[in-house]
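# Starting from these lines, generate the structure:
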Amino acid sequence: MNRKLYAMRKISSFNFVTLNGYFKGNNEDTSWHHHSQEGSAYSEKQLESGNILLFGRVTYDMMAQFWTGKMGKELYPVVAGRMNAAEKMVISNSITTASWNNTSVIGGDVIQRIRIIKQTPGPDITILGSGSIVNQFTEAGLIDEYGVMIDPVFITTGTPLVHGISTMPELRLTGVKTFSDTGAVLLSYSKK
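Presented below is the predicted three-dimensional model:
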């Protein structure tokens, strides 16, 4: 009998940040980030991986509204189709069911629940946006890979991607990708 063996799932994160290190401005503002055609092609390819997409509740609400709505489907039809079809998880203690298809809700002791999920067979997990989740998971040592897209823009105030943590993982650079249509640079890091 030929059985596929699974290693422990990897958890990666993907965020875009400003040149001065903020992943969002005041009032959850991310209008400074521009999703280009080249960025869309990159998203299409990433969504082919079959990873489970993980969101905090605020990001989940924003993503669900955009990707199930008319604008997302018209502007980026392939990405919208893959986002809507993907398996998704939302971290929340305020909702118990999710309206976006293929979404499960994880509440309670999230760190412990994710530790257990990470050790089970199955697809890897990618956190999209969700800075507070990235912050918590970094503190808990749960993230294996970080993808940080740096947009060539400064904003006057905002929230840093990772802040107020007691330890930082040692990272090694594993990839650099430039987006010529926006001038953004994607840096990929893995734990050493």
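
# okay, CA-based contacts and neighbour counts for the rest of this
Will do.

# Grab the CA positions of the helix or strand encompassing W67 and hand them over as CSV.
Assigned by DSSP states H and E, W67 belongs to helix 57-68. As requested, C-alpha coordinates have been extracted for helix 57-68 and formatted as CSV (Å, rounded to 0.1, in the frame of the first residue of the first chain):
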residue,chain,number,x,y,z
ARG,A,57,-12.0,38.4,12.2
VAL,A,58,-11.5,42.0,11.0
THR,A,59,-9.5,40.8,7.9
TYR,A,60,-11.9,38.0,7.3
ASP,A,61,-14.9,40.4,7.2
MET,A,62,-13.0,42.7,4.7
MET,A,63,-11.8,39.8,2.5
ALA,A,64,-15.2,38.0,2.5
GLN,A,65,-17.0,41.2,1.4
PHE,A,66,-14.5,42.0,-1.3
TRP,A,67,-13.9,38.6,-2.9
THR,A,68,-17.6,37.6,-2.9
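
# Check the secondary structure at the closest residue to G175 other than its chain neighbours for me.
For G175, the nearest residue in space outside its immediate sequence neighbours is S188; the separation is 4.9 Å by Cα to Cα, 6 or more residues apart in numbering. Assigned by DSSP: H, G, I helix; E, B strand; the rest coil, the conformation of S188 is strand.

# ok, and for the helix holding W67, which residues are buried?
Buried positions in helix 57-68, judged by neighbour count with 16 or more other Cα atoms under 10 Å: 57-60, 63-64, 67-68.

# tell me which residues in the following helix or strand past that helix are buried?
Under the assignment DSSP H and E, the closest C-terminal helix or strand after helix 57-68 is helix 70-75. Residues 72-73 are the ones in helix 70-75 that count as buried (16+ other Cα under 10 Å).

# Could you check how far helix 70-75 is from the centre of its chain?
From the chain centre to the centre of helix 70-75 is a distance of 20 Å (Cα atoms, centre = their mean, to the nearest Å).

# Run the chain-centre distance for the helix holding W67.
Between the mean C-alpha location of helix 57-68 and the chain-wide mean there is a distance of 12 Å, by Cα atoms, centre = their mean.

# And for it, what's in contact with it?
With Cα atoms under 8 Å, 6 or more residues apart in numbering as the test, helix 57-68 has contacts from 72-73, 80, 83-84, 90-92, 100, 129-130.

# do the same with stretch 32-49
Contacts of stretch 32-49 from elsewhere in the structure, counted by Cα under 8 Å, 6+ apart, are 16, 76, 78-79, 82-83, 86, 151, 153, 179, 181-182.

# Could you rerun that using 6 Å?
Applying Cα atoms under 6 Å, 6 or more residues apart in numbering, the set of residues contacting stretch 32-49 from outside is V79.

# Same check on stretch 158-177?
Outside stretch 158-177, the residues within contact range by Cα under 6 Å, 6+ apart are 21-26, 131, 135, 139, 185-192.
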